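# this is the structure alone, sequence omitted:
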């Protein structure tokens, strides 16, 4: 593979302007992530109350479990942002991937300082997403349980539907049946539905004095049976470890519980991150030849001004080495082979609007990667497929559908990063959320919607004016319509709106992208080779 050349002038005024603008985006991202961790004034009181009970904060709990000096890839940190009157930082749950004895595990950890650990609709969505990641990547799950169960005022959005609370139990049972360890440490209340998380686990540790499990707490027992009973007598750690058998181990304190958890993990016979299976090509990794921090100056401060895909690729892949596929044809999509942390990947990156030639080129390349069993990395930055008479006559609908079909049927691991715009069917053809990439990350400059705000203003205003045909309209009314559409699309295409709703697995700093992808690729490499799909028509 040849080393990519860069045409970026890091001393130019435009580079400096872009960098300043991007650093402002990163400052906002950092502030909002800190909000998710710390919350506001009301959260501070909850944290103080939590600590006064001798309990450890949720992210510190995870740190006590994972191997020293190893990273934790936290997912969807900003879930719930801007929702529920900003009363649910992080959706009240922390999920992510960490190493225990070198083995990757998914963590699902309740944050009892957010609504007492009660689960909101977005909390369930985050919980279920973590389990889906575990299933596809064949990872065990560690549950650090400190939850009051479902948030009852919103029970109709939590309880009955397919991917609601019951879906998390279904997934937990299926994960266990697949031989993927389900391990729970009970660190607080587990009430009603929350009781089933430890009950469905393979092994359970309860911490004396703070861990409790009951289908109905003391108030329900009093109301139903007239029986008055203390919480520990009803469902405490001693009762469930010595009498009911719901718990397998009793710990006197949290730290002791985490030591026992690590001991259990050592017996689960799971593949370590370094136990590659041979199907995925791997060589010793090397850093990019260009500084990844230069991405800040490459991404345009004005999202109407494009930036080159090759410049991004050069700062993400090993040694900035890239073997392009069909470089002289279908140039609005860049395809080629590279390595990320030593793992071979097929890269598909947008360089603008997707034309027919670009769609066919991407389709051909996806088929090559499927045939050769090479994972796919999509770098999204497109306004979508080309429209207009010539494009329609040239078969853009058919050729775009071929690309979409190839993405849908590819069985190799797929990963997506939103580096810029993700609009219209371009989101689908470039493996958006609906096409089940194993992980989807977004940069804080990204935008996602059916179309850009400027386009939506023209389209929707024209439609509304057509519906008002025969009525007099003033320039002020038209301007008001445009402003209304602009506000809707600007709000709903904002990356924080998207990440709050788990349309991605987290907003990340561009310089962290390579490391995040390296961990994700390493997880896939420890699995057996995925079974090939039904087969695609070569070159279509």
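Ah, there it is. Since the structure is predicted, the reported quantities are computational estimates derived from the model, not experimental observations. Numbering: from 1, shown residues only.

# contacting residues for residue 361?
325, 326, 329, 330, 333, 335 (C-beta atoms under 8 Å, 6 or more residues apart in numbering). In this view, the C-beta of every residue, glycine as well, is placed from N, C-alpha and C.

# let's have these in a markdown table, adding secondary structure.
Shown next, in a markdown table, are these (DSSP: H, G, I helix; E, B strand; the rest coil):
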| residue | secondary structure |
| --- | --- |
| 325 | strand |
| 326 | coil |
| 329 | coil |
| 330 | coil |
| 333 | strand |
| 335 | strand |
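
# out of the residues you listed, which is most surrounded?
Using other C-beta atoms under 10 Å as the neighbour criterion, residue 333 leads these with 29 neighbours.

# redo the contacts of residue 361 as a markdown table? Include pLDDT.
Listed next are these as a markdown table, based on pLDDT from 0 to 100:
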| residue | pLDDT |
| --- | --- |
| 325 | 98 |
| 326 | 97 |
| 329 | 97 |
| 330 | 96 |
| 333 | 98 |
| 335 | 98 |
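
# ok, of these, which one's closest to residue 424?
Of all those, residue 333 has the smallest distance to residue 424: 15.1 Å, by C-beta to C-beta.

# give me the nearest residue to the closest one, chain neighbours excluded.
residue 358 (4.0 Å; C-beta to C-beta, 6 or more residues apart in numbering).

# next one: residue 341
residue 518 is the one closest to residue 341 (C-beta to C-beta, 6+ apart), at 3.0 Å.

# any buried residues in the lengthiest helix in the chain, and which?
Criterion DSSP state H: the longest helix present in the chain is helix 13-38. The neighbour-count check on helix 13-38 (16 or more other C-beta atoms under 10 Å) flags 15, 18-19, 21-22, 25-26, 29, 32-33, 35-37 as buried.

# now do the helices in the stretch 301-450 of the chain.
Along the stretch 301-450 of the chain, the stretches classed as helices by DSSP state H, counting those that start in this stretch are 309-313, 356-372, 389-393, 396-409, 425-429.

# can you give me the helices in the stretch 1-150 of the chain?
For the stretch 1-150 of the chain, the helices defined by DSSP H, counting those that start in this stretch occupy 13-38, 41-52, 58-65, 121-137.

# sorry, back to before: may I see the helices of the stretch 301-450 of the chain organised as CSV, with mean pLDDT and distance to residue 495 added?
Output for the helices of the stretch 301-450 of the chain, formatted as CSV (pLDDT from 0 to 100; distance: least, C-beta to C-beta, whole Å):
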stretch, mean pLDDT, distance to residue 495
helix 309-313, 98, 17
helix 356-372, 96, 24
helix 389-393, 93, 29
helix 396-409, 96, 22
helix 425-429, 96, 14
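
# any idea which helix or strand in this structure has the lowest mean pLDDT?
The helix or strand of the chain with the lowest confidence, counting by mean pLDDT, DSSP states H and E, is helix 453-467 at a mean of 82.

# what's the closest non-adjacent residue to residue 39?
Nearest non-adjacent residue to residue 39 (C-beta to C-beta, 6+ apart): residue 89, at 4.6 Å.

# sorry, back to before: of the helices of the stretch 301-450 of the chain, which is nearest residue 472?
Distance to residue 472, taken as C-beta to C-beta, is lowest for helix 389-393 among those, at 33.3 Å.

# contacts for that closest one, please.
The contact list for helix 389-393, computed with C-beta under 8 Å, 6+ apart, reads 355, 356, 385.

# for residue 449, which of the helices of the stretch 301-450 of the chain is the nearest?
Nearest of those to residue 449, taken as C-beta to C-beta: helix 425-429 at 8.8 Å.

# what residues does that closest one touch?
Here helix 425-429 makes contact (C-beta under 8 Å, 6+ apart) with 350, 354, 359, 362, 380, 382-385, 400, 403-404, 407, 434-435, 448.

# report the buried members of those residues.
With neighbours counted using 16+ other C-beta under 10 Å, the contacts of helix 425-429 contain these buried positions: 350, 354, 359, 362, 380, 382-385, 400, 403-404, 407, 435, 448.

# give me the average confidence score over the helix or strand hosting residue 480.
According to DSSP states H and E, residue 480 maps onto helix 475-492. Per-residue pLDDT over helix 475-492 has a mean of 88.

# list the buried ones in it?
481, 482, 485, 486, 489, 492.

# the second one reaches residue 461, doesn't it?
Yes: assessed by C-beta atoms under 8 Å, residue 482 is found in contact with residue 461 at 5.6 Å.
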